[in-house]
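**Student:** Here is a sequence with its predicted model. Questions after.
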Amino acid sequence: MKILVVEDEHKIAQFIKTGLELESWSVDLAFDGEEGFDLASSEPYDVIIIDLMLPKIPGLELLRDLRKKDIHTPILVLTAKGATDDKVECLNAGADDYLIKPFVFAELVARIRALSRRPKQQTDGVLKLGNLTLNTIKREVKRVKIKISLSKREYALLEFLLKHKGDVKNKDEIIQNIWSYEDDILPNTVEVYINYLREKIDKPFPSLKPLIHTVRGFGYKIDTHE
């Protein structure tokens, strides 16, 4: 999952980024509303977190601008302003949720999970493909009930592929959704991580059909058939 945090207080922004990355999520930071708008308009995100008190473009105005641009990414407003009128104004402007500072980090994570959940694929927090399951709540991966240990980046890649099972995803799409714009990406980074997944998801189960496929000239997909 890829998240954008728009927060002008650098310590808070970095605290959120560090914590969310421990959940195996990719996080981009913007420190003012203008930068936040540019990133949200040009990069695909699963959830956007916006502080109300932002320089250049205030959070409420940013929220409205994103909705006017037909960006329907779930947005969580994170702010110290807790009055009912403030909440109502944000929700009416297009916010999906509202969390007041100071907050318990576990609650922030739970709200992000709820916002990113896709009812058709993830009603119980579990993504499935044949005998492969990924529990997004427990962060647990199994194939034929055997637990599979993945690194944070491998887990994020598998989650992304499972959310788009059957769809071919090219390198650019994978990089945009799994890595932040600050990361150092080598030309073969995607291939390397696809191979890491194959080593753990497919190769230990030689009697089963492989799930991760290369579609030459186009990209990669996860599916029960080629």
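**Tutor:** Okay, I see it.
**Student:** So residue 113 belongs to a helix, correct?
**Tutor:** Yes: counting by DSSP: H, G, I helix; E, B strand; the rest coil, residue 113 is located in a helix.
**Student:** What distance do you get for it to residue 78?
**Tutor:** 15 Å (CB to CB, to the nearest Å). From N, CA and C alone the C-beta is placed, and that goes for glycine too.
**Student:** do residue 160 as well
**Tutor:** Using CB to CB, we find residue 160 at a distance of 24 Å from residue 78.
**Student:** Same check on residue 183?
**Tutor:** From residue 183 to residue 78 the distance is 24 Å (CB to CB).
**Student:** Domain ranges for the chain, per the record?
**Tutor:** Domain assignment for the chain by automatic domain parsing gives 2-116, 120-222.
**Student:** Tell me which of those domains sits most buried.
**Tutor:** Most buried of the domains of the chain, by mean neighbour count (mean count of other CB atoms under 10 Å): domain 2-116, with a mean of 17.
**Student:** distance between the ends of that domain?
**Tutor:** Its first and final residues considered, domain 2-116 spans 10 Å by CA to CA, to the nearest Å.
**Student:** And stretch 144-161, by the same measure?
**Tutor:** Stretch 144-161: ends 19 Å apart by CA to CA.
**Student:** In space, what's closest to residue 111 - neighbours in sequence excluded?
**Tutor:** With CB to CB, 6 or more residues apart in numbering as the criterion, residue 111 has its nearest non-adjacent residue at 5.4 Å, and that residue is residue 97.
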